[in-house]
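Engineer: Structure here, sequence nowhere to be found:
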């Protein structure tokens, strides 16, 4: 049976290098008069980043142990085998079962024991190994938090600022900040009615610096960023930290809050008190003249200062009062919808849920993969920071870590939103039943706000002349040529 050695290091710059581990294993093997027959090497492989099944050399070693081809194993320390407690215990049980003579080459590493008391010790050691790895991450996070709050590493700065890692200072681009200040000033006035109008002001030649193409979304992002009043926000592992950077402030808190009020008010345009309510022709584009096959057009008639609204085909003298035809079509929709729910509710629910839940899960899986990729980057950057000796380089890595934590927090929020959408999707059946109740009752406010959407969703067309109308409904399970038809006189 063979005597073998296993070496692993997490990164290319790790202090306990492969050569050091190999030399210590050979020195100890000479002392014990053992010849190392084979070496298993996982180079630049993190045990917190990859599972034992993803580490090729370790997998080959464990397979050889299972086949009882190995008697003695030289390894630097327990954490070379695994940093995850459960994975280490899995390896320990295999070593104990095959009675492998494990020799640790590091000084002061407690020898492995296969007795009941030894198993308890290994259980404790497994916890210590995992905790050591977690403490490294915690140490980096605490350093990042402390430096952020002290103003050393402010994180990913917005438009108008940049951070110089060499001089450890924040530089202000006064020309860019003048644009930002202009946006806050305009938002504080009562003359700007929309964000689009604010965007148009930025494109006035020779007045505003034209160093970027502004969009309404970019303007919203700038106005909503508290950095411009000197407050930085850092999301790290779900914890929100705030720090005040006076040198960044270009507006005061009152001006910033005024901008937030501007954004809130412009999110939905306010209707003026004296403004006439907009007339919605809910069947627009759906009413078709039977003679010319053209869509009926909206038409307003005014007599004795009273307006009446119609749909009409001028060429064939078809004129139908808006409220009358919409009420008739709505009644037909109610009957169709009730029949559909009674006969196909389960099919509708299963089909819709299956398709959309699959799409959401695919999207979630994509985001989780991106989240895991950032997690791996965090582990790599953390280990690199831990091994780095140069303070300027450590600070550069800290800035990179803050940016990664920000991205990870954004992805975490996206995953939470998708989970919420999946939960809502799973309650679709109850929602459909509740919609059925709404159609059963005369809920005028609901009908008025949703009537056009309802018609567009379930009606293909309404062909009519002066005497009859012929409704073709869309069917969620059939093609349009097989759509349900309802004719009303």
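Structural biologist: Structure's in. What do you need? All of these numbers come straight from a predicted model, not from anything done at the bench.
Engineer: Determine the set of other helices and strands touching the helix or strand where residue 334 lies.
Structural biologist: Using DSSP states H and E, the element containing residue 334 is helix 322-387. Where contact means 3 or more C-beta pairs under 8 Å, 6 or more residues apart in numbering; DSSP states H and E, helix 322-387 is packed against helix 116-150, strand 306-313, helix 391-426, helix 428-440, helix 444-458, strand 459-464, strand 469-473, strand 485-488. For glycine as for every other residue, the C-beta is placed from the backbone atoms N, C-alpha and C.
Engineer: where among those is the average confidence lowest?
Structural biologist: Lowest mean pLDDT within the helices and strands packed on helix 322-387: strand 485-488, a mean of 48.
Engineer: Identify the residue spatially nearest to residue 145, adjacent ones excluded.
Structural biologist: Take residue 145 and drop its neighbours on the chain: the residue closest to it by C-beta to C-beta, 6 or more residues apart in numbering is residue 241, 6.0 Å away.
Engineer: Residue 283 against residue 330, yeah?
Structural biologist: No - the pair residue 283 and residue 330 fails to qualify as a contact (C-beta atoms under 8 Å) at a distance of 9.7 Å.
Engineer: Of these two, which one has the most company?
Structural biologist: residue 283 (23 against 16; other C-beta atoms under 10 Å).
Engineer: part of a strand, is that one?
Structural biologist: No - using DSSP: H, G, I helix; E, B strand; the rest coil, the assignment for residue 283 is coil, not a strand.
Engineer: center of the chain, which residue is that?
Structural biologist: residue 414 (2.6 Å; C-alpha atoms, centre = their mean).
Engineer: quick one: contacts for it?
Structural biologist: Applying C-beta atoms under 8 Å, 6 or more residues apart in numbering, one finds that residue 414 lies in contact with residue 367.
Engineer: any idea how far it is from residue 403?
Structural biologist: Distance, residue 414 to residue 403, by C-beta to C-beta, to the nearest Å: 17 Å.
Engineer: can you pull out the strands in the stretch 51-200 of the chain?
Structural biologist: 70-75, 101-104, 161-164, 169-172 (DSSP state E, counting those that start in this stretch).
Engineer: These: which one's closest to residue 32?
Structural biologist: Closest approach to residue 32 among the strands of the stretch 51-200 of the chain (C-beta to C-beta): strand 101-104, 7.3 Å.
Engineer: what sits against residue 22?
Structural biologist: 5, 7, 39.
Engineer: JSON lines for the residues you listed, including secondary structure?
Structural biologist: As requested, these are exported to JSON lines (three-state DSSP):
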{"residue": "5", "secondary structure": "strand"}
{"residue": "7", "secondary structure": "strand"}
{"residue": "39", "secondary structure": "strand"}
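Engineer: In PyMOL, how would I select the buried members of those residues?
Structural biologist: Selection of the buried residues among these in PyMOL, burial being defined by 16 or more other C-beta atoms under 10 Å:
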select buried, resi 5+7+39
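Engineer: need the contacts of residue 22 in JSON lines with distance to residue 231 and pLDDT, can you?
Structural biologist: Converted to JSON lines, the contacts of residue 22 look like this (distance: C-beta to C-beta, whole Å; pLDDT from 0 to 100):
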{"residue": "5", "distance to residue 231": "55", "pLDDT": "96"}
{"residue": "7", "distance to residue 231": "49", "pLDDT": "94"}
{"residue": "39", "distance to residue 231": "55", "pLDDT": "96"}
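Engineer: quick one: which of the contacts of residue 22 is nearest to residue 184?
Structural biologist: Distances from residue 184 to these, taken by C-beta to C-beta, are shortest for residue 7, at 58.7 Å.
Engineer: contacting residues around that closest one?
Structural biologist: Residue 7 makes contact with 18, 21, 22, 25, 39, 40, 41, 42, 43, 75, 76, 80, according to C-beta under 8 Å, 6+ apart.
Engineer: In terms of pLDDT, where does the second one sit?
Structural biologist: If you check residue 21, the pLDDT there is 93.
Engineer: where does it land in three-state SS?
Structural biologist: Quick answer, by three-state DSSP: residue 21 is helix.
Engineer: need the contact list for it.
Structural biologist: 5, 7, 8, 9, 76, 80, 105.
Engineer: Swap in 10 Å and give it another go.
Structural biologist: Neighbour list for residue 21: 5-9, 39, 41, 74-77, 80, 105-106 [criterion: C-beta atoms under 10 Å, 6 or more residues apart in numbering].
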